[in-house]
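[1] the following block contains a protein sequence and its predicted model.
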Amino acid sequence: MNENFPARDIHLLTIDSLLADLVGGRAVTVAAGNKFSIGSDDARVILDWYRRNRGMWASKLSTDDIEAIVDVIGTTPAAFELVPDHEPAHTIKVLRLVKIVAHRFAGLHAYGRSLEPPDTFTFEPSKAVTLFEGANGSGKTSIANAIVWCLTGHLIRSQRPPEEGPTEFSCEIDHNGGETTTHSMSSVTPMPDKTADRLADGAAIPADSWV
């Protein structure tokens, strides 16, 4: 591990910068503050081979591919210029948000019923800067999460690292008559209330959220 450069949080890195750090011998910080690095030169040159051959990420390896990987074993890992966090490793690109379209997503919607979804949420910013103001639970963070989840598959959490959007948790629904049922549901699905479909206790909440 390269001790001259402190580990950077993995959720702040792009695929390119993550691969450059790992191949170059720099550690990255993962869940719960744990640090991950690749100490084996052979493992790093194999990772670098995959970095240079991205078509192989989702393809089956041929005999020629395997021979090419074997050939890089024992060579010296590629050298990357590692830079401190306060010196950007690449030019920052500024993206402009044109439009958000979301369906039954988190705090942007009331769940409704399985076959009767709420109206699709659409937001098209018209200014360079947009200010959202509203009470807690009104959907401000959900707008940001719609963007983040669409781009990364994760959700931002206050005072916590981002977490995967499809993560399921248990929720309880209080029904008319005093009965309470427990169900598993996705983090991106709006919380159903007593007007939603009556599901058997233990059944999963149907999820059709998209952005």
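    Cool, the structure landed.
[2] note down every partner strand of the helix or strand of the chain with the lowest mean pLDDT and its orientation.
    In the chain, no helix or strand scores lower on mean pLDDT, DSSP states H and E than strand 160-164, which sits at a mean of 76. Note on strand 160-164: by DSSP bridges, its sheet partners are strand 154-157 (antiparallel).
[3] which parts of the least confident helix or strand of the chain are buried?
    Using 16 or more other CB atoms under 10 Å as the burial criterion, the residues of strand 160-164 that qualify are Pro162. Any C-beta I mention is one placed from the backbone N, CA and C, and that applies to glycine too.
[4] do the same with stretch 187-203
    For stretch 187-203, the neighbour count (16+ other CB under 10 Å) marks Ser187, Val188, Thr189, Pro190, Pro192, Ala196 as buried.
[5] so which of these sit within helices?
    Among those, no member falls in helices (DSSP state H).
[6] give the contact list for Cys150.
    Applying CB atoms under 8 Å, 6 or more residues apart in numbering, we find Cys150 in contact with Val211.
[7] try Trp149
    Phe105, Leu155, Gly165, Val188, Val211.
[8] compare the residues you listed and tell me which is most surrounded.
    Most neighbours among the contacts of Trp149, by other CB atoms under 10 Å: Phe105, with 27 neighbours.
[9] so that residue makes contact with Asp208?
    No - the criterion here is CB atoms under 8 Å, and Phe105 misses it with Asp208 at 10.0 Å.
[10] how about the most centrally placed residue in the chain, nearest residue that isn't a chain neighbour?
    Nearest to the geometric centre of the chain sits His154, at 2.7 Å (CA atoms, centre = their mean). Computed as CB to CB, 6 or more residues apart in numbering, the closest residue to His154 that is not its neighbour in sequence is Pro162, at 4.0 Å.
[11] which of the contacts of Trp149 sits closest to Asp48?
    Asp48 lies nearest to Gly165 out of the contacts of Trp149, by CB to CB, at 30.6 Å.
[12] and that closest one, how far is that from Phe105?
    Gly165 is 10 Å from Phe105, where distance means CB to CB, to the nearest Å.
[13] what do those two both touch?
    Trp149, Val188.
[14] Pro77 and Val45 touch, don't they?
    Yes - using CB under 8 Å, Pro77 makes contact with Val45 at a distance of 5.2 Å.
[15] need the residues touching each of the two.
    Each of Val23 lies in contact with both Pro77 and Val45 under the rule CB under 8 Å, 6+ apart.
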